[in-house]
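Engineer: Let me see the structure of the following:
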Amino acid sequence: MTDSPYHYFDMHVLRTEYITPAMIRVALGGDGLARMASAGRDQRIKVFLPHPGQDAPVMPDTSGGDAATWYADWLALDPDVRGIMRTYTTRELRRDPDELIVDFAVHGPTPSPSDGPATSWARKAVPGSRIGVLAPIEEENGAYDFRPPQDTDWVLLTADESALPAVASILETLPPGTPTRVWIEVHDPADRQELPTKAAAEITWLTETGATPPAIRAAELPSGTPYAWITGESATVKTTRRHLVGDRAFDRKRVSFSGYWRRGTTTDELIDRDESA
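Structural biologist: Here you go, the predicted model:
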């Protein structure tokens, strides 16, 4: 078997709760969870969801756990039958007892025609609901992007609801007193969360889609050497990065950027084109 830092875990829901009208927190358990690891910060995982009418996601043989041995087999399965893959962030990996915490952005407390498979699953999830998770078994792994160089003087973070769990985790891990500027887009003021941090963080909540770039243009930023982590909708990410690199003269190597979703394009379409994160 080829060694891999990522393994597949067959998991089930322990409990769920709305932490805001637009965010459901799901606690997951399962055999072998003690082996799962996380780098904290914006640690990515893959979740595999059942289709409507299925009790569990249909997967190839994952008994060995090693992602290198079954991922190609998953791709070869009928998309209408195989487990539905989505990318999420590890909000927290707890011990004693072992629990994986994942926050699902659901864009409002009631079902909507725009709900995707993950939103629909999270709304209906109850204790015992099954889900598959591909996650690291080593703390140092390639599935996180927040990596500020040691000479960073201050940090800039941007996100929308899709990346809010990652921002929350990053803020929790920043060294005390780190100057940090944060812009977060949400659909409604009620969707704001408490974001505990020991950093010297100034957090700006925005309630208009695409409001991040003009808000940053109008801001007075700290002096010193920055590190920027930019996430959210792809077009907003590109515009923000262009401003920081072109207008603010940020070093390109000090700007980490990732489009968590693309307006007008479904995740399944990105998977079909091999463009999913």
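
Engineer: All the helices of the stretch 151-277 of the chain, in order from the start?
Structural biologist: Here the stretch 151-277 of the chain has its helices, by DSSP state H, counting those that start in this stretch, at 164-173, 212-217, 234-242, 267-272.

Engineer: packing partners for the first one?
Structural biologist: For helix 164-173, the contact count by 3 or more Cβ pairs under 8 Å, 6 or more residues apart in numbering; DSSP states H and E identifies strand 84-89, strand 99-105, strand 154-160, strand 179-185, strand 226-233 as packing neighbours. Every C-beta, even on glycine, is put in place using the N, C-alpha and C of the backbone.

Engineer: For Tyr18, which of these is the nearest?
Structural biologist: strand 99-105 (10.1 Å; Cβ to Cβ).

Engineer: tell me the angle of the helix or strand following that closest one relative to strand 84-89?
Structural biologist: Where DSSP states H and E defines the elements, the next helix or strand beyond strand 99-105 is helix 117-124. Between helix 117-124 and strand 84-89, the angle comes out at 80 degrees (axes from the mean of the first three to the mean of the last three Cα atoms, to 10 degrees).

Engineer: contacting residues around helix 117-124?
Structural biologist: For helix 117-124, contacts defined as Cβ atoms under 8 Å, 6 or more residues apart in numbering pick out 16, 24, 26, 47, 49-52, 84, 86, 88, 104-107, 111, 115, 129, 131.

Engineer: Please identify the most buried of the helices of the stretch 151-277 of the chain.
Structural biologist: By mean neighbour count, with neighbours taken as mean count of other Cβ atoms under 10 Å, helix 164-173 ranks first of the helices of the stretch 151-277 of the chain at a mean of 23.

Engineer: Stretch 16-27: how far from the chain's middle?
Structural biologist: 15 Å (Cα atoms, centre = their mean, to the nearest Å).

Engineer: Flag every buried residue along that stretch.
Structural biologist: Buried residues in stretch 16-27, counting neighbours by 16 or more other Cβ atoms under 10 Å, are found at 16, 20-27.
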